[in-house]
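Chemist: Build the 3D model from these lines:
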Amino acid sequence: MDKTPIIDKIKKLLALANSSNEHEAALAAAHAQRLLSAHNLAMADITASDRPDKADRVETDVARTLPKWIRHLSASVSSAFDCQAIHHPAAGKMTFIGIGADVQVAVYTFTYLERTVRKLCSGYLKQHVGNTIAGRQRDLMRQSYYLGAVSTIARQLQDQKKQTPVTPGALVPVKAGLIRQAMNEMGPIRTMHSRRSYINSTAFNRGQTDGQLVSLHKGVEQATSQHKSLPQD
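Modeler: Residues are numbered from 1 along each chain as shown. As a prediction, this is how the structure comes out:
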């Protein structure tokens with residue numbers, strides 16, 4: 001079966017994913033991911049005609065000081081999409097480095113998952129903690145929930161990568177080399193060492209459970225019906 005029309009459609013969606021309209025960009029990136037999965041395509045299939053000769057960099061806003069769960073999330077997303085993520089504390093930025101569409105989808109996925117986990121945590125604290133617990137104990141429960149949710153999401157991302165690899169075997173060393181070159185061009189990179197975390201087991205376990213509710217592909221069926229400009233499959 002000729003998949004050229006599908007590949008062309010995904011390329012158009014990925015172009016829309018760079019839109020300055022945040023809503024349009026998110027919908028386009030999610031729809032592209034759904035098409036990739038539905039047609040058993042990898043990102044390398046989309047850019048197969050253009051052998052990569054350099055890595056791309058995409059920045060996104062983050063806090064100047066990253067909590068452990070954000071570091072774990074960025075590392076898990078980067079691994080899932082064959083990218084690298086570098087935090088710039090002074091600027092409050094995170095640079096994702098990858099090849100072509102890989103890095104675009106990685107940034108979208110990271111942003112979407114961060115917002116989703118924060119929303120789930122807010123719901124958990126409101127329903128199960130309330131205002132009876134405050135201060136350091138409340139923050140401990142919050143951070144424990146985050147870590148639990150991210151641990152589940154990280155496992156799901158790795159399972160997805162095993163089922164549908166982002167990069168064919170032959171291109172793995174090519175991509176890795178280009179990413180290393182881009183990282184070297186950025187100069188010395190500070191290595192972060194995580195301190196031991198104290199965990200509230202109840203909040204952590206609930207986060208793990210709720211993490212199973214997070215879809216790695218944002219539900220676009222309803223969204224696309226409200227956004228007619230997106231190509232339909």
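
Chemist: Distance of the residue of the chain positioned farthest from its centre relative to Ala176?
Modeler: Most distant residue from the mean C-alpha position of the chain: Thr132, 33.9 Å away (C-alpha atoms, centre = their mean). Per C-beta to C-beta, to the nearest Å, Thr132 is found 50 Å from Ala176. Every C-beta, even on glycine, is put in place using the N, C-alpha and C of the backbone.

Chemist: Surely Leu125 and Arg142 touch.
Modeler: Yes - counting by C-beta atoms under 8 Å, Arg142 is a contact partner of Leu125 at 6.5 Å.

Chemist: Those two: which has the busier surroundings?
Modeler: Shown here are Leu125 and Arg142; by other C-beta atoms under 10 Å, Arg142 has more neighbours (21 against 17).

Chemist: and the helix or strand hosting that one, how far from the chain's centre?
Modeler: Using DSSP states H and E, Arg142 falls within helix 135-163. Here the centre of helix 135-163 is set off from its chain's centre by 13 Å, with C-alpha atoms, centre = their mean, to the nearest Å.

Chemist: so what does it touch, helix or strand wise?
Modeler: helix 68-80, helix 101-124, helix 201-211 (3 or more C-beta pairs under 8 Å, 6 or more residues apart in numbering; DSSP states H and E).

Chemist: Could you list the buried residues of that helix?
Modeler: 138, 140-154, 156-157, 160 (16 or more other C-beta atoms under 10 Å).

Chemist: still on that earlier bit, which one of the helices and strands packed on helix 135-163 lies nearest to Glu59?
Modeler: Judged by C-beta to C-beta, the one of these that comes nearest to Glu59 is helix 101-124, at 8.3 Å.

Chemist: by contact count, what packs against the closest one?
Modeler: For helix 101-124, the elements it packs on are helix 4-16, helix 22-38, helix 43-46, strand 56-61, helix 68-80, strand 93-98, helix 135-163, helix 201-211, judged by 3+ C-beta pairs under 8 Å, 6+ apart.

Chemist: Using JSON lines, please lay out these together with distance to Met183 and mean pLDDT.
Modeler: JSON lines is the format used below for the helices and strands packed on helix 101-124 (distance: least, C-beta to C-beta, whole Å; pLDDT from 0 to 100):
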{"stretch": "helix 4-16", "distance to Met183": "23", "mean pLDDT": "83"}
{"stretch": "helix 22-38", "distance to Met183": "24", "mean pLDDT": "85"}
{"stretch": "helix 43-46", "distance to Met183": "20", "mean pLDDT": "73"}
{"stretch": "strand 56-61", "distance to Met183": "10", "mean pLDDT": "93"}
{"stretch": "helix 68-80", "distance to Met183": "12", "mean pLDDT": "95"}
{"stretch": "strand 93-98", "distance to Met183": "6", "mean pLDDT": "95"}
{"stretch": "helix 135-163", "distance to Met183": "21", "mean pLDDT": "93"}
{"stretch": "helix 201-211", "distance to Met183": "30", "mean pLDDT": "96"}
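
Chemist: Is it possible to get JSON lines of the ones you listed that adds distance to Val117?
Modeler: Output for these, formatted as JSON lines (distance: least, C-beta to C-beta, whole Å):
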{"stretch": "helix 4-16", "distance to Val117": "25"}
{"stretch": "helix 22-38", "distance to Val117": "16"}
{"stretch": "helix 43-46", "distance to Val117": "24"}
{"stretch": "strand 56-61", "distance to Val117": "15"}
{"stretch": "helix 68-80", "distance to Val117": "7"}
{"stretch": "strand 93-98", "distance to Val117": "16"}
{"stretch": "helix 135-163", "distance to Val117": "5"}
{"stretch": "helix 201-211", "distance to Val117": "8"}
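
Chemist: I'd like to know which of the ones you listed is closest to Gly169.
Modeler: When those are ranked by proximity to Gly169 (C-beta to C-beta), helix 43-46 comes first, at 10.0 Å.
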